[in-house]
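>>> could you work out the structure for the sequence below:
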Amino acid sequence: MAAGDSKIFNDFALKLAKKTYDLSSDAFAISFIATAYGSVNADATDPDITDYTPLTGGNFVAAVALTSVAITRAGAALKFDFADLATIAKAAGNPATIKTALIKHTVTGDLYKAIDLTADGGTTAIDVINNDFDYTVNAAGSFTQTVA
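A predicted model of the protein is given here:
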């Protein structure tokens, strides 16, 4: 595991198939936690943001709304995407223990995805006290699905 690794929560995929969410219009947000990526259980039943403690302080808030959320199709490929986050400026009051990012459905709090932010598989928290934080979505999108 390393920075950029991610996993989609299995219940999110199930609820998506049951039409609980509308990826073309629902709102999503990102939160930052101290839990190591490897300890986040993607197979948990009904995982919710309340199962974790979003870190706050300095320039970090409990949840940052994602913008330009969209689901698109090109040929047989579906892509769920959103805009890169605006830079979160370094500050002495920023949390010192951030290891993982969680993306949640804003209304329900249901967790969609976990992202490893560390360079060493979850051992060392990222330094947002001395360094600005940028999060760029994968060029292929947050997730892709090929329709067969």
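>>> got a list of what the residue nearest the centre of the chain touches?
For the chain, the residue nearest the mean C-alpha position is residue 103 (3.1 Å; CA atoms, centre = their mean). Applying CB atoms under 8 Å, 6 or more residues apart in numbering to residue 103 gives the contacts 28, 29, 30, 66, 111, 112, 113, 114, 115, 142. C-betas here are computed from N, CA, C, even on glycine.
>>> just the closest of those residues to residue 87, please.
Looking at the contacts of residue 103 and their distance to residue 87, the nearest is residue 30, at 13.8 Å (CB to CB).
>>> who does the closest one bridge with?
residue 64, residue 103 (DSSP bridges).
>>> wait, isn't it in contact with residue 135?
Yes - assessed by CB atoms under 8 Å, residue 30 is found in contact with residue 135 at 7.2 Å.
>>> any residues in contact with both of these two?
85, 101.
>>> more neighbours, those two?
Using other CB atoms under 10 Å, the more surrounded residue of residue 30 and residue 135 is residue 30, with 19 against 16.
>>> residue contacts, that one?
Here residue 30 is in contact with 63, 64, 66, 85, 101, 102, 103, 104, 135 (criterion: CB under 8 Å, 6+ apart).
>>> are any of these buried, and which?
63, 64, 66, 85, 101, 102, 103, 104, 135 (16 or more other CB atoms under 10 Å).
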